[in-house]
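> Build me a model:
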Amino acid sequence: MLEIKKQADASTAGTMNSLSEYRTVPLTELVESPTNPRKKFDKESLGELIESIRSKGILSPLVVRPVNGYFEIVAGARRFRAARRAGLAEVPVRVTELTDAEAAEVQAIENLIRADLHPFEEARAFRAILEREGTNYTIEKLAAQIGKSGAFVARRLKLLDLIEPVANAFLSRQIGIEHALLIARLASDVQEQALARCFDGYFTADNSERALVPVSRLQEWIERNVYLSLKSVPFSKGDETLVPETGNCTNCPKRTGFNTLLFGETDDACSDAQCFNRKLEAHIAQRVAKMPALVQISTSYRAKDETPVLPRPQYVEVVARKKGIGKDTLPEHKLCSHLTAAIHTDGLEKGRLVKVCANPECKVHFGNRQKEEEQQLRWKAERQAANQKAKQTATLRHRVLAEVLKRAKPPFREEELRLVAQFALGTLSHDLACRLAKRHGLEPATKGQDWELAEKARSLYKTAEGTALAALIFEAMLLALAANTTESKDDLLADAAKLYKVDVRALRKETEKAEREKMLKRKATKAQKAKATGKAKQADK
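The predicted model follows:
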């Protein structure tokens, strides 16, 4: 950076008119330049500069030029703003005569070596210099002037191709420069989609912003979903007439293999999916026009309305037999008398010519499908039969229910109560069944086997008799109610307590008192342990 600064200072000095002077001028005579590339001023760094100026003053004079009775700030807008907030009345300046083109050049060079200039603002400054009349700058000349490489300037300028949502995300530092450069190389219609891929859907620890994914992950997504390989495209890359308004692919700046200044040494690919697909569509149209009998095929499994394109189930693409497969073992490796030329209209093979069989009566290529259709018909019939049987079973069970209810008359007998008890105990969860077992003093045959305990609880209905069955059903119900800790207006446990005149308030006080005593006991035990540990440490010393 020091070397760049030396080169920049030298080039700035060369750009400025030799007739320049140093003086101190009031802040009221200074105005900011409308062409200053710096549009955003970081509050934190500006605050640090204010404190520095208050303690040490302005160490580097502002560069200004006389314009319409005022001094326009060519370089030093941050120092000007900080001085005004620090309460200074005047600042040191270097006054020099500069043309508009020279001022823009000085601004770009000065800002490049200053702190916190955003790369997007750098790009605006570079473009202003290159587009200024009379400067005769090229990317290479500008790069040499500021001590950077041509690739650096080219990449900065490419940032200006960002669409507004992406540019705003970049300026607000939601994404970094490497993310922005990757997106800037893409066509505008996919940039917003790529921006969404910069974030993984999770938020940072304070939930203030989304988590940014690594640049490598964004690069991987672009290579899989946006960049389209030009190594084996079905159309001629040098054809100027295929889509006349876009020209050929050979000299296209959106082709990675041509624009190495921007993309570097990468695989030859197209970064404009829209243009790429237009050329594929034009190529298909040309082929169909030259070959009227050409069959158009799709990778989709559904036919499109009013189109001649065959969906995937209506054709078999015949390919060369692969080694190790065996002789004609798969339908797509076999020949038949119905083969015809076809062209892919979508998918990864879009625009490619292939051989297909599209005759559904062909035993060679559609024989297996005919068998599959017959099997599907059998499966359908079996499912219908199974559904019919299930309906009949449901109807039968409801009829049995109706007949049982006709015959069930209170008072209920012991056998009837046993059925109800079996149902009530069977609906208890594992934990509640274990609680019920412990309430009845049951123990598992094998220590630690809770499932045995639960099964014993659910079998209590077998040995209970008379009123004990009714009590067991009532107990199972209350256990289920007690397990529900959510507050509700319809609390059946509270209703049961009221029915049996249970003093819930007194029980609540007893429970709270017992919990307080337990807490105090735990604290006392913890304090005793800490005291014992402290004595042991002192003894060791």
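> R23: what secondary structure?
strand (DSSP: H, G, I helix; E, B strand; the rest coil).
> ok, now how distant is it from A187?
52 Å (CB to CB, to the nearest Å). (Each C-beta comes from the backbone N, C-alpha and C, glycine too.)
> out of the two, which sits in the more crowded spot?
A187 (18 against 12; other CB atoms under 10 Å).
> Phi first, then psi, for the more buried one.
phi -60, psi 150 (degrees, to the nearest 10).
> can you check the one 4 residues further on too?
Recorded main-chain torsions at Q191 are phi -70, psi -40, according to degrees, to the nearest 10.
> Model confidence for it, exactly?
At Q191, the model reports a pLDDT of 90.
> What about it, how many residues nearby?
Q191, neighbours per other CB under 10 Å, totals 20.
> got any ranges where the stretch 401-541 of the chain has weak pLDDT?
The stretch 401-541 of the chain contains residues with pLDDT under 70 at 540-541.
> Which residue ranges make up the domains of this structure?
2-161, 227-290, 291-321+332-359, 414-490, 503-541 (automatic domain parsing).
> average pLDDT across the third one?
Across domain 291-321+332-359, the average pLDDT comes to 86.
> The chain should start at 809 in everything you say after this.
Renumbered: residue one is now 809, and that last one reads domain 1099-1129+1140-1167.
> Now do it: distance to the chain's middle.
A distance of 36 Å separates the centroid of the chain from that of domain 1099-1129+1140-1167, by CA atoms, centre = their mean, to the nearest Å.
> rewinding a little: mind checking which of the domains of the chain is nearest C1006?
domain 810-969 (15.0 Å; CB to CB).
> picking up where we left off before, would you list the domains of the chain in TSV and tack on distance to G984?
Formatted as TSV, these follow (distance: least, CB to CB, whole Å):
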stretch	distance to G984
domain 810-969	10
domain 1035-1098	18
domain 1099-1129+1140-1167	32
domain 1222-1298	48
domain 1311-1349	50
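> all helices of the stretch 859-1008 of the chain, in order?
In the stretch 859-1008 of the chain, helices defined by DSSP state H, counting those that start in this stretch lie at 885-894, 908-920, 927-939, 947-954, 958-966, 972-979, 985-992, 996-1004, listed in chain order.
> okay, the ones you listed in CSV with distance to S1296 next?
Output for the helices of the stretch 859-1008 of the chain, formatted as CSV (distance: least, CB to CB, whole Å):
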stretch, distance to S1296
helix 885-894, 61
helix 908-920, 68
helix 927-939, 59
helix 947-954, 74
helix 958-966, 64
helix 972-979, 48
helix 985-992, 52
helix 996-1004, 44
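> Least confident of these, on average?
helix 908-920 - the lowest mean pLDDT of these, at a mean of 72.
> Could you pull out the strands in this structure for me?
828-834, 838-840, 870-875, 878-883, 898-904, 1007-1011, 1018-1020, 1036-1037, 1077-1078, 1103-1105, 1124-1126, 1148-1152, 1161-1165 (DSSP state E).
> and of those, who's closest to I858?
That would be strand 898-904 among the strands of the chain, by CB to CB, at 13.2 Å.
> And stretch 953-973, end to end?
Stretch 953-973 has its terminal residues 32 Å apart, counting by CA to CA, to the nearest Å.
> In contact with the residue nearest the centre of the chain, which residues are there?
When CA atoms, centre = their mean is applied to the chain, the residue found nearest the centroid is D1008 (3.7 Å). For D1008, the contact set (CB atoms under 8 Å, 6 or more residues apart in numbering) comprises R1018, A1019, V1021.
> And the residues you listed, which is closest to R1324?
When the contacts of D1008 are compared against R1324 (criterion: CB to CB), the nearest one is A1019, at 45.1 Å.
> Surely that closest one and I983 touch.
No. The pair A1019 / I983 is not scored as a contact, 11.8 Å apart, by CB atoms under 8 Å.
> of the two, who's got more company?
A count of neighbours by other CB under 10 Å puts I983 above the other of A1019 and I983, at 21 against 12.
> mind checking how far the more buried one is from L838?
Look at I983 and L838: by CB to CB, they are 35 Å apart.
> Kindly report the same for T1275.
102 Å.
> more crowded one of those two?
L838 (21 against 10).
> Model confidence for that one, exactly?
92.
> who touches it in this structure?
Taking CB under 8 Å, 6+ apart as the test, what L838 contacts is L870, V872, Y878, F879, E880, I881, F888, V899, V901.
> So the fifth one is in contact with R873, correct?
Yes. The pair formed by E880 and R873 meets the contact definition of CB under 8 Å, at 5.5 Å.
> so what sits against both of these two?
A911.
> Please identify which of these two sits among more neighbours.
Per other CB under 10 Å, whichever of E880 and R873 has more neighbours is R873, with 24 against 19.
> separation between the closest residue to the more buried one other than its chain neighbours and A912?
Leaving out its chain neighbours, the residue that sits closest to R873 by CB to CB, 6 or more residues apart in numbering is L906, at 4.6 Å. Here the criterion is CB to CB. By it, L906 lies 9 Å from A912.
> before we move on, what about D1298?
78 Å.
> which residue packs closest to Y878, ignoring adjacent ones?
That would be V839: by CB to CB, 6+ apart, it lies 4.9 Å from Y878.
> Give me the phi and psi angles of C1170.
According to degrees, to the nearest 10, C1170 has phi -70, psi 120.
> Return the residue of the protein that is most distant from the centre.
Largest centroid distance in the chain under CA atoms, centre = their mean is P1219 at 65.9 Å.
> Distance-wise, check it relative to G1274.
In terms of CB to CB, P1219 sits 12 Å off from G1274.
> for R993, same thing?
87 Å.
> Just want to know which of the two has more residues nearby.
A count of neighbours by other CB under 10 Å puts R993 above the other of R993 and G1274, at 22 against 9.
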